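Undergrad: For reference, the sequence and a predicted model appear below.
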Amino acid sequence: MLHDLALVAPQLILLFAALFTLVVDPFLHTNTDARRFWGWFGAAFAALAIVAAALLWKFGPFEMQTPAFAHHISASRYSLFFVALVSLCSLVTHLASPRYLVEQGASYGEYYALVHFATFGMACMVAAESIITLFMALEIMSMSVYVLVAFKRGSVASVEAGMKYFIMGSVASALLLYGTAFVYGLAGSTNYIDIGRTLAKPIAGGDLWLGLAMMLVGAAFLFKVAAAPFHMWAPDAYEGAPTPITGLMASGVKVAGFAALLKFVYAGMAGPAMAAMHQHLPHILATVAVLSMTVGNLLALTQRSVKRTLAYSSVAHAGYILLGCVAYVADPTLAGYQQPSGAVPFYLVGYALASLAAFAALASVGKNGEELTGEGQLIGMGRRHPLAGAVLGLAMISLAGVPPTLGFFGKLQLVRDVLGVDGGKYLPHVVILVLNSVVSAYYYLRVTVYVYMRPEGRLPREYVRESSLDWAMGLTAAGLLVVGALPGRAMNLGLASVATIRTATATSHLAYERLAPGAQKTAAPLAVAPADAAAAQAKAP
């Protein structure tokens, strides 16, 4: 038990930080400035979670020893990679928040606790090995984000955005629950290992129910990642939410959604029973990807609020990432099974850093309850607040995919992997992606023009200056520059993570089913290591 608890140390660190904040905050002085230290406290614990994930990655891989843990959560390198990434999103959000909340009159301790709870939910989502864990983690994350979106209690726009997000998010949660109920009915279990064992053999008449399950679950995930046609909540929610929370939604929520989607598709819903569905699923994802990137970019062209522009931009990027989800490689441990390529994890790193940088810079604009996030309100930002202007410009260039930024290398890796699928049959989709990237460059670079190249006029500009906010902008900008200059290391980490999308326990079970398809379920599975599964399969008659 202690061994397994040590393997979920990053999640426990985030949970402890949330509970500690809730317990201690009521005893603090009522002065709002007294609560600004929670930003540093939250950032420190998020950094501690990153360190714990890095240590588990370095000295692992480790497997859970008790069934209670092994069938519900994992500490694979796939999970650790995304746990570290969502913890980084939490760290930057905490650093960007203290002074912003004071200026907005919303400096309350529960804000920081909710950010921790949201991150805890994200970390459990990406590490989930069962439907139950996935749904519970999704609800922990969602409930926290719903409240955070409406956290500016004196703002009608913020409360309205939170209510819209809550109502539409509840529908998405219901779709997920209903879809996974069909999976449970077919597999008789909720954990991915047993679902994989069931799907390792064809199911008579199961195509209809598997297709219905994938349709419902897919719609729920498309909502969470703000992909068209389930994107209508994004502009209002992004614009009404506190700016640091908008950054968390654009980065952490999207990262957790795509990581959970990949694991559900490639680790949970995999096997010969899904053969008919696997013929159509990539085409469906590619079609939705084209719709998302086109709708997002065209609607972003007409926006004049930078937050709404980035909201529609997130819809377009969801399309890019969805197209990357169809790129796969053969699983070396199990012949006939597939695993995603490393393009999606690498792309998510670049997109998360650029989104966090952009919204951290926007959090510095406006004081005394105002948010000056319109394009015309950013005029003179590059001269009056050089750090914020430079970080916002760098983020826009990276999101546009201008070489040699991290965003460019992310799109390049994604395009290369997608073109490698089945002799380039997704070439038309890649061409549409490139054309959409050209279109997006217009509105990204337009923001940079307002920041640096428009005459300033006589309107006064107020900026928030805080050491923690400077750290948030500096860390994200440094990440974009360093990883963009040396992308190979991040690419290798992405490849190493997806190689462990199935745990060793699941691989052993699937190898056993393939070696002895007629064996009874009560027989003990072969205790083979993942690396030995392919060799054992090759020797089987």
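TA: Perfect, thanks for sending it.

Undergrad: Okay, now the unreliable bits of the stretch 151-300 of the chain?
TA: Confidence mapping of the stretch 151-300 of the chain against pLDDT under 70 gives the ranges 202-206, 271-278.

Undergrad: same thing with the stretch 1-150 of the chain?
TA: 29-34.

Undergrad: That one: strands as residue ranges?
TA: In the stretch 1-150 of the chain, no strands are defined using DSSP state E, counting those that start in this stretch.

Undergrad: can you give me phi and psi for His231?
TA: phi -110, psi 0 (degrees, to the nearest 10).

Undergrad: which residues does the residue nearest to it when sequence neighbours are not counted contact?
TA: Of all residues not flanking His231 in the chain, Val315 sits nearest, at 4.5 Å (C-beta to C-beta, 6 or more residues apart in numbering). Bear in mind the C-beta positions are built from the backbone N, C-alpha and C, glycine included. The neighbours of Val315, taking C-beta atoms under 8 Å, 6 or more residues apart in numbering as the test, are Ala226, Ala227, Ala228, His231, Ala234, Ser292, Met293, Val295, Gly296, Leu299.

Undergrad: Packing partners of the longest helix anywhere in the chain?
TA: In the chain, assigned by DSSP state H, the helix with the most residues is helix 156-187. On a contact count with 3 or more C-beta pairs under 8 Å, 6 or more residues apart in numbering; DSSP states H and E, helix 156-187 meets helix 131-149, helix 192-199, helix 207-224, helix 234-240.

Undergrad: tell me the angle of that helix relative to helix 207-224?
TA: 160 degrees (axes from the mean of the first three to the mean of the last three C-alpha atoms, to 10 degrees).

Undergrad: Of the contacts of Val315, which is the most crowded?
TA: Using other C-beta atoms under 10 Å as the neighbour test, the contacts of Val315 are led by Ala227, with 32 neighbours.

Undergrad: Could you tell me which residues make contact with that residue?
TA: Val288, Ala289, Ser292, Val315, Ala318, Gly319, Leu322 are the contacts of Ala227 under C-beta under 8 Å, 6+ apart.

Undergrad: one more time with 6 Å, if that's ok
TA: The contact partners of Ala227, by C-beta atoms under 6 Å, 6 or more residues apart in numbering, come to Ser292, Ala318.

Undergrad: Same check on Leu55?
TA: Leu55 neighbours (C-beta under 6 Å, 6+ apart): none.

Undergrad: show me where the stretch 201-350 of the chain has helices.
TA: Ranges of helices in the stretch 201-350 of the chain, per DSSP state H, counting those that start in this stretch, are 207-224, 234-240, 243-248, 254-263, 275-300, 306-324, 343-362.

Undergrad: And those: which comes nearest Leu199?
TA: Of all the helices of the stretch 201-350 of the chain, helix 207-224 sits nearest to Leu199, with 8.2 Å by C-beta to C-beta.

Undergrad: So which elements touch the closest one?
TA: For helix 207-224, the packing partners by 3 or more C-beta pairs under 6 Å, 6 or more residues apart in numbering; DSSP states H and E come out as helix 156-187, helix 254-263, helix 275-300.

Undergrad: mind listing what's buried in the first one?
TA: Applying a neighbour-count criterion of 16 or more other C-beta atoms under 10 Å, one finds 158-159, 161-162, 164-166, 168-169, 172-173, 175-177, 179-180, 182-183, 186-187 buried in helix 156-187.

Undergrad: any idea how far that helix is from the chain center?
TA: Centre-to-centre, helix 156-187 and its host chain are 17 Å apart (C-alpha atoms, centre = their mean, to the nearest Å).

Undergrad: ditto for the shortest one
TA: For helix 254-263, the separation from the chain centroid amounts to 6 Å (computed by C-alpha atoms, centre = their mean).

Undergrad: Provide the contact partners of that helix at residue level.
TA: 82, 85-86, 122, 125-126, 221, 224-225, 321, 340, 348, 352, 501.

Undergrad: any idea of the angle it forms with helix 192-199?
TA: Using the same axes, to 10 degrees: helix 254-263 against helix 192-199 is 40 degrees.

Undergrad: again, but for the first one
TA: With the same axes, to 10 degrees as the basis, helix 156-187 and helix 192-199 are set at 50 degrees to each other.
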